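**Q** this is a predicted model, with the sequence first.
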Amino acid sequence: MTTAVCPGSFDPVTLGHLDVIGRTAALVEEVVVAVGRNASKRSLFTADERVEMLVEACRPWENVSVEVLDGMLVDFCTARGIGVVSKGLRSAADTDYEVQMAQLNRRLSGVDTLFLPTSPELSFVSSTRVRELAAYGADLSALVPPGVAERTRAKVAADR
C-alpha cells in the first residue's frame, strides 16, 4: 500500500493546500495530512484547531486522514512506514527550498518527495496572505473553505 504524507502548518488551510491534498489522494492509496506543531512559531490557530479544520475540509476524500506532527517529518514517516512526502510548489522560490529539504529527508531516512505544481489559479494563495487579508476584513471565499473563512475572521478579530 502506498501512503504519502502532506505536511504543513496549515495556519489556516487554504484551497491551495486542498488542491495538493486532493491530487495526492488520487495518486496513492492513503494520504496522511501532518499538521506541524512548532512551539517556537506563533500560530493563529492551535494545532488541534488546524486538525479540526482539515478533517472537515478533507471529508471528500475517504483515503485522507489528519494527524498532528511533533518533531521531525522523517521520524513521523519512519514511525508510520510512510515512504513518500507530497509537496506543492507555487514558485521557483518554493522549489529551491523544497528540493533541498527533499534531498535531506532522503539522506536521513530514504523517504522520497513527490512535487506537484500548484494549480495556476491558486498559485498566489498562502496562509500568510489569508491571515493578512483577514486582518483587513477582505473576502476570503476564493482562498479558503467557507468554515475556515469564518473561523479565520473571528480569530483575527479576537486577536486585535
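**A** Noted; the coordinates are in hand.
**Q** max-length helix in this structure?
**A** Ranked by number of residues, the top helix in the chain under DSSP state H is helix 92-109.
**Q** who touches that helix?
**A** For helix 92-109, contacts defined as Cβ atoms under 8 Å, 6 or more residues apart in numbering pick out 72-75, 77-78, 85, 87-89, 111-113, 115. C-betas here are computed from N, CA, C, even on glycine.
**Q** send me that helix as PDB with only the CA atoms.
**A** C-alpha atoms of helix 92-109 as PDB (Å, rounded to 0.1, in the frame of the first residue of the first chain):
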ATOM      1  CA  ALA A  92      10.800  28.900  -8.100                       C
ATOM      2  CA  ALA A  93      11.500  30.100  -4.600                       C
ATOM      3  CA  ASP A  94       9.400  27.200  -3.200                       C
ATOM      4  CA  THR A  95      11.300  24.800  -5.500                       C
ATOM      5  CA  ASP A  96      14.800  25.900  -4.300                       C
ATOM      6  CA  TYR A  97      13.900  25.400  -0.600                       C
ATOM      7  CA  GLU A  98      11.800  22.200  -1.100                       C
ATOM      8  CA  VAL A  99      14.400  20.400  -3.300                       C
ATOM      9  CA  GLN A 100      17.000  20.900  -0.500                       C
ATOM     10  CA  MET A 101      14.600  19.600   2.100                       C
ATOM     11  CA  ALA A 102      13.700  16.600  -0.100                       C
ATOM     12  CA  GLN A 103      17.400  15.700  -0.600                       C
ATOM     13  CA  LEU A 104      18.000  16.000   3.200                       C
ATOM     14  CA  ASN A 105      14.900  13.900   4.000                       C
ATOM     15  CA  ARG A 106      16.000  11.200   1.500                       C
ATOM     16  CA  ARG A 107      19.500  11.200   3.000                       C
ATOM     17  CA  LEU A 108      18.200  10.900   6.600                       C
ATOM     18  CA  SER A 109      15.600   8.300   6.100                       C
END
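**Q** before we move on, the earlier item: which of the contacts of helix 92-109 are buried?
**A** Using 16 or more other Cβ atoms under 10 Å as the burial test, these include Leu73, Val74, Cys77, Val85, Lys87, Gly88, Leu89, Val111, Thr113 as buried.
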